[in-house]
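# missing the sequence, but the structure's below:
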């Protein structure tokens, strides 16, 4: 199956109403067809893993084709350069989140890229760093707790970023790490309490929301 064939299939599953609704969720629909995520996942199961096809789909710049690419690519074949190229082209939070959760967090570069991207200024690149942290904490069941403890100073440091897509990802990372096990829950709560002391609106929101969830578990 070629990328052009898949684009035709996507067009058949498209919904003008859904495409219009994307704007309400802060998603630029200028290159979108209007295909729902569940429909993309169904198609991904039919296509199966295909690294070459994933790159072809990404290169079409069609919104849903790029989302689909993140679902069918092979984490074992993804390079650091590919991660950088895709990440630097992010133009919406949903593509960022799908790429990081479906693909990047499952590659050998997950920890390295999470730390690297959290130091970047571009909004979606920085978001990617924290989404990778959150997703990695869910996907890698064997990772040592020290990996996540080393993430905490970064989360604490960047909690003052007022940008919506960044602060929500920082919060996501803190919550997911804290839900991993009892020991990390206590570390996350302690980090949240320190973040709460920052004289910053974003930091207080991140901390209050995370602490509310972590303390209720």
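Thanks, I have the structure now. Since we're looking at a predicted model, the values are computed, not measured.
# going forward, measure contacts and count neighbours with C-alpha atoms only.
Fine.
# what residues go with each domain of this protein?
1-74, 80-217 (automatic domain parsing).
# Of these, which stretch is the most buried?
domain 80-217 (a mean of 19; mean count of other Cα atoms under 10 Å).
# Can you name the residues that contact the nearest residue to residue 215 once chain neighbours are set aside?
Spatial nearest neighbour of residue 215, excluding adjacent residues (Cα to Cα, 6 or more residues apart in numbering): residue 189 at 7.8 Å. Contact analysis of residue 189 by Cα atoms under 8 Å, 6 or more residues apart in numbering lists 178, 211, 214-215.
# and the residue sitting nearest the centre point of the chain, how far is that from residue 87?
The chain has residue 97 as the residue nearest its centroid, 2.6 Å off, counting by Cα atoms, centre = their mean. As judged by Cα to Cα, to the nearest Å, residue 97 and residue 87 stand 10 Å apart.
# what sits in contact with each of those two?
By Cα under 8 Å, 6+ apart, residue 97 and residue 87 have these common neighbours: residue 128.
# picking that back up, check contacts around the residue nearest to the centre of the chain.
Contacts for residue 97 (Cα under 8 Å, 6+ apart) come out as 128, 131.
# if we go to 10 Å?
67, 70, 90, 103-104, 124, 127-128, 130-132, 135, 169 (Cα atoms under 10 Å, 6 or more residues apart in numbering).
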